[in-house]
Each structure stands twice: as C-alpha cells, then as structure tokens.
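[1] Here is my input; please provide its structure:
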Amino acid sequence: MDKLAEAFVAAGYRVNNVDYPSRQLPIEELAPLAVNTGLEGCGQAQTIHFVTHSLGGILIRYYLEHNSIANLGRVVMLAPPNQGSEVVDTIGELPGFQLLNGPAGDQLGTGADSIPRQLGPVEFELGVIAGSDTFNPILSLYLPNPDDGKVSVASTRVDGMSDFIVLPYTHTFMMQAEEVHSQAIEFIRHGRFNSPGPWR
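    Numbering: from 1, shown residues only. Below you'll find the predicted structure:
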C-alpha cells in the first residue's frame, strides 16, 4: 500500500498506513487490532477516512458492525471479498492453504457461515473498486468471470455502497496503479468515482 499512501500524502492527506498480522489471527481479532491501530495513529483528526485492500474491507465492515467511529468519513475498498470468494470454497481444504492464508482466510468463503456473508449492508459512505484482470488463470477457473484472480467482480459488491467501479487490474497489484490512486482520492474527496454512467 506504500505507493497508494504516497499518492494520498501528495494530495494533501495525513496517512497512517497500517500493517497487521493477516495470517495469524481470525477476523474477530484482526478487526479491532487493525482498526484501533489505525485510529490511534490519526490523533485528533476531525475526519477519518479508510482505504482498504482485500481482507481489510471485511475488517472495517466487521468493526463497524460492532463499534462506531464518531468522526468516520468515507471508505474506499479495493477488491474486497464482500460476498466471499469461491476460491476459498474450492481449495480451502487443500494442504498448505491455512499456512498461506491464516485463520482469516478460512473465513472468507461464500457459504452461510463465512464472515462476509454474515455481515449486513454497509451504513457508511462506501466506494468499491473491483479488478477485472488476472495473471492466475488457474485460480480464475474457480471464479465467475470477470475476476481479478482471487475475487470475482460480482463478489466485491455489497448492499448500501455509494459507488462502484471496475478497473483492469489484478487483485495482488491493483493498489499500485495510478488510476486506482486517482479514483480512490476522487471518492474520498467527493463521495463518487470519476466514471461515466450509472453502475446500478
């Protein structure tokens, strides 16, 4: 997320780029750890925005289902598995999956018991950026097209979101693309993406 953070700093924002042990803890523990670490680094900011990638989007959704942030601004999610990922359903039981993805990875399937599917509609200003390119054709076989190699475009959507855009980038590297940077900044500033036509 470093290049994305640099883009926001150049746009005049104070940035707290939070790292968290994504492979070591379940979502129930990661959410307060990551979000509270982020909030602590924001000091007395009048408004706090969030920009997340992948699992990070689920962490902020989980946190806000159980907590409130009085000075919450807008949220941008990059490639979030808001409806889970079919990849987890298909290969989650294979040897080595949990080693690579941790306990939180096991919670990101599409079944009724997955954390994303248990969360309700969002009740904050949310813009979702989905990716439609992939360099992993094997994982893409398990996903409805279009997809970003780990999450289908359809699975990034969530009820209550304010805006939505699909850009031609992969799940793993989309946060490094300048177009993603500019669209994320646009939403944080104005509550909408710079894109033609309605997405609904």
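
[2] Quick one: mean pLDDT for whichever helix or strand H181 is part of?
    For H181, the host element (DSSP states H and E) is helix 178-190. Regarding helix 178-190, the rounded mean pLDDT is 97.

[3] List the buried residues in it.
    Under the neighbour-count criterion of 16 or more other Cβ atoms under 10 Å, helix 178-190 has 180-181, 183-188 buried. No exception for glycine: its C-beta is placed from N, CA and C like everyone else's.

[4] next one: stretch 59-66
    59-64.

[5] Please flag which of the residues you listed sit within helices.
    Among the buried residues of stretch 59-66, the members falling in helices (DSSP state H) are 59-64.

[6] Distance to G109 and pLDDT for those residues - can I get that in CSV?
    Putting these into CSV (distance: Cβ to Cβ, whole Å; pLDDT from 0 to 100) gives the following:
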residue, distance to G109, pLDDT
L59, 17, 97
I60, 20, 98
R61, 16, 97
Y62, 15, 97
Y63, 20, 97
L64, 22, 97
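
[7] neighbours around P146, how many?
    Neighbour count of P146, defined by other Cβ atoms under 10 Å: 16.

[8] next SSE after the helix or strand bottoming out on mean pLDDT in the chain?
    For the chain, using mean pLDDT, DSSP states H and E, the weakest element among its helices and strands is helix 97-106, scoring a mean of 70. Of the helices and strands lying after helix 97-106 in sequence (DSSP H and E), the nearest is helix 115-118.

[9] Would you indicate which residues of that next one are buried?
    115-116.

[10] returning to what we had before: out of the buried residues of stretch 59-66, which comes closest to L119?
    R61 (5.0 Å; Cβ to Cβ).

[11] Check whether that closest one really touches V122, as I assumed.
    Yes - in this structure R61 lies within contact range of V122 using Cβ atoms under 8 Å: 6.5 Å.

[12] quick one: low-confidence parts of the chain?
    For the chain, the stretches flagged by pLDDT under 70 are 89, 91-101, 141-142, 196-200.

[13] what residues does the helix or strand hosting G57 touch?
    Using DSSP H and E, G57 sits within helix 55-66. Here helix 55-66 makes contact (Cβ atoms under 8 Å, 6 or more residues apart in numbering) with 20, 22, 27-28, 30-32, 34-35, 50, 52, 72, 75, 77-78, 80-82, 104-105, 108, 115-116, 119-120, 122-124, 128, 158.

[14] Then stretch 24-44?
    Contacting residues not belonging to stretch 24-44 are listed as 14, 16, 18, 20-22, 48, 50, 55-56, 58-60, 62-63, 66-67, 69, 102-104, 107, 115 [Cβ under 8 Å, 6+ apart].

[15] what is in contact with R61 and V122 at once?
    V158.

[16] other SSEs contacting the helix holding H181?
    With contacts defined as 3 or more Cβ pairs under 8 Å, 6 or more residues apart in numbering; DSSP states H and E, the packing partners of helix 178-190 are helix 2-10, strand 48-53, strand 72-78, strand 125-131, strand 163-167.
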